[in-house]
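Peer 1: using only what follows, build the 3D model:
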Amino acid sequence: QGNKDVPDQHGAKAGEKLFKDEELVALIDPILNMDDMNHDGFIDYPEFIQAQQKAAANGGRQQ
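Peer 2: Model (predicted):
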């Protein structure tokens, strides 16, 4: 559905990584750890719902 040599809307070519895997881990893990209330390594549905409600109450901002 497109030429991989053509940049997308973010300036990256299709298939080209915007972030290194290590950068993604550093960005995402702290957020997941905040939402994992029982610290079992998983975000279960009640934890997900609570995180969504908290984000909505904060206008989408994480604390």
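
Peer 1: from now on I want contacts and neighbour counts done on CA atoms only, so please keep to that.
Peer 2: Noted.

Peer 1: so who does Glu47 touch?
Peer 2: Asp35, Asp36, Met37 (CA atoms under 8 Å, 6 or more residues apart in numbering).

Peer 1: please report how far the second one lies from Ile49.
Peer 2: To Ile49, Asp36 is 11 Å away according to CA to CA, to the nearest Å.

Peer 1: on the three-state scheme, Gly41 is what?
Peer 2: Of the three states, Gly41 takes coil under DSSP: H, G, I helix; E, B strand; the rest coil.

Peer 1: roughly how far apart are the closest residue to it other than its chain neighbours and Glu22?
Peer 2: Spatially, and ignoring its direct neighbours in sequence, Gly41 is nearest to Asn33 (7.9 Å; CA to CA, 6 or more residues apart in numbering). Here Asn33 is placed at a distance of 16 Å from Glu22 (CA to CA).

Peer 1: just the element for the spatially most central residue of the chain, please.
Peer 2: Nearest to the geometric centre of the chain sits Ile28, at 5.3 Å (CA atoms, centre = their mean). For Ile28, the element it lies in under DSSP states H and E is helix 21-35.

Peer 1: could you give the angle of the very next helix or strand once past that helix to helix 21-35?
Peer 2: On the C-terminal side of helix 21-35, the nearest following helix or strand under DSSP H and E is helix 45-57. Helix 45-57 runs at 90 degrees relative to helix 21-35, counting by axes from the mean of the first three to the mean of the last three CA atoms, to 10 degrees.
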